[in-house]
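Trainee: The following comprises the amino acid sequence and a computationally predicted model.
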Amino acid sequence: MHDVIVIGAGPAGLSAARWCDELGLDTLLLEQAEQIGGQLHQIYNPINNYLGVKASSGAELLGLFTASVENSDFDQWTGVSIETVDLRAKKISLRSGEQLQSIAIVLATGVRRRELGIQGEREFMGKGVMESGSKQRDQFAGSDVCIVGGGDAAAENALLFAEVCPTVTLVHRGKKLRARREFTEQLHTHHCITVFPESVVTRILGEDRVEAVEIQRREGLKPFQLAVRGVLVRIGVTPNSGLFREQIQLNDDGYVSVNGDQETNLPNVFAIGDVANQTAPTISGATGAGATAAKVIASRLTSGKR
Ligand SMILES: Cc1cc2nc3c(=O)[nH]c(=O)nc-3n(C[C@H](O)[C@H](O)[C@H](O)COP(=O)(O)OP(=O)(O)OC[C@H]3O[C@@H](n4cnc5c(N)ncnc54)[C@H](O)[C@@H]3O)c2cc1C
């Protein structure tokens, strides 16, 4: 029996576990990936907006986070696969057969990139379908590429690729781009960027690697193929809340609903970071929410009010 089990070791979960440990709680941190850090592994640009820190990348910030939990006493299990969670009973079963129980549970499972779910998307991952624009751009210098999405991430990447690629095609579903004006103005005037609004990529095609995308412009029109070597999908994110979907209150998009103490509608079940923050997901928001949940749990457990 632990005082607290934290699920997810991104910035939110790490902060919560560290705070819980500092406040004297017996804490277990569970992470499904082999490494802690969450989305920090996807950030290849400098992070200048985390107060007091200048990091050249997510990896550098993660190094600072890791150093800061090094002397903590909480248990940290990575590569863990959770089979079921009973949030009311605070019981967790792992695929390995272990049964865990705690007084409080903190959900810090973050978000993952949304996929198109089309033919070729997973098959050609690493073979033309890119994971990161900023990290992989130079591999595609001199090649034609397609970016899917209409928000800031898609627009920013289109501009990035336009610096080194002969053509960049931006395909997005909506009538208008959702990206900020600073990006859209540049996109529409850039000589090698073509924007296809009200369009979808229906297939990613090739033999051993990406050779083309199939694009459908408007319902009813015949799809056509566009030869490209690279595809980057940036159509937003989705919360990792499937594991506990039926048990607690979520909003229509699957984000966990919490009060000002980061507590869900179930007593002693807290949710922190991006999984509970649809509108303003940030590293500082995530670490702050971790601190809030830990302090609330500690004051409850030490006052005997469970
Ligand atoms: C490219 C990029 C650039 C960004 N730049 C900035 C920036 O400059 N400034 C800023 O403030 N923010 C930035 N962000 C956002 C920031 O990274 C997130 O807000 C932050 O990582 C959220 O932390 P989190 O702990 O809530 O979630 P995550 O970082 O998503 O971590 C969640 C963790 O939970 C784990 N998990 C999920 N499901 C389970 C499960 N069932 N069992 C066990 N573990 C599970 C995941 O594997 C993951 O490790 C950026 C994000 C990206 C992708």
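Mentor: It's in.
Trainee: which non-adjacent residue is nearest residue 236?
Mentor: Leaving aside its sequence neighbours, residue 236 sits nearest to residue 114 (CB to CB, 6 or more residues apart in numbering; 4.9 Å). Backbone N, C-alpha and C define where each C-beta goes, glycine included.
Trainee: in the stretch 51-200 of the chain, which spans are strands?
Mentor: Under the criterion DSSP state E, counting those that start in this stretch, the stretch 51-200 of the chain contains strands at 75-77, 82-86, 91-94, 99-107, 111-113, 145-148, 168-171, 193-196, 199-205.
Trainee: Mean neighbour count, the ones you listed: which tops it?
Mentor: Sort the strands of the stretch 51-200 of the chain by mean neighbour count, taking mean count of other CB atoms under 10 Å, and strand 145-148 sits at the top with a mean of 28.
Trainee: Please enumerate residues in contact with that strand?
Mentor: For strand 145-148, the external contacting residues (CB atoms under 8 Å, 6 or more residues apart in numbering) are 116, 133, 154, 157-158, 161, 165, 167-172, 201, 213, 226, 228-235.
Trainee: right, and residue 197 touches residue 178 too?
Mentor: No. Between residue 197 and residue 178 there is no contact under CB atoms under 8 Å: 11.1 Å.
Trainee: now residue 77, nearest residue through space, not along the chain?
Mentor: That would be residue 30: by CB to CB, 6+ apart, it lies 5.4 Å from residue 77.
Trainee: how many other residues sit next to the one you found?
Mentor: 24 (other CB atoms under 10 Å).
Trainee: Would you list the phi and psi of it?
Mentor: phi -110, psi 130 (degrees, to the nearest 10).
Trainee: quick one: the helices in the protein?
Mentor: Using DSSP state H, the helices of the chain run over residues 11-22, 58-69, 133-136, 152-162, 181-189, 283-302.
Trainee: Against residue 227, how distant is residue 190?
Mentor: 20 Å (CB to CB, to the nearest Å).
Trainee: Just tell me which of the strands of the stretch 51-200 of the chain ends up closest to residue 50.
Mentor: strand 111-113 (18.2 Å; CB to CB).
Trainee: what's that closest one packed up against?
Mentor: strand 237-239 (3 or more CB pairs under 8 Å, 6 or more residues apart in numbering; DSSP states H and E).
Trainee: Would the strand it packs on count as contacting the ligand?
Mentor: No. No part of strand 237-239 sits close enough to the ligand to count as contact by CB under 6 Å from any ligand atom; the gap is at least 7.8 Å.
Trainee: next one: stretch 72-86
Mentor: Yes. Under the criterion of CB under 6 Å from any ligand atom, the ligand is reached by stretch 72-86 at 80, 82.
Trainee: Equivalent analysis for stretch 267-282, please.
Mentor: Yes. On the criterion CB under 6 Å from any ligand atom, stretch 267-282 is in touch with the ligand at 273-274, 281-282.
Trainee: In PyMOL, how would I select just the buried ones from those?
Mentor: To isolate the buried members of those in PyMOL, using 16 or more other CB atoms under 10 Å:
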select buried, resi 273+274+281
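Trainee: from the residues of stretch 267-282 next to the ligand, which is closest to the ligand?
Mentor: Nearest to the ligand, judged by CB to the nearest ligand atom, of the residues of stretch 267-282 next to the ligand is residue 273 at 2.1 Å.
Trainee: what about the residue nearest to the closest one when sequence neighbours are not counted, neighbour count?
Mentor: Excluding the flanking residues, the one nearest residue 273 by CB to CB, 6+ apart is residue 12, at 2.7 Å. Here the number of neighbours of residue 12 (other CB under 10 Å) works out to 34.
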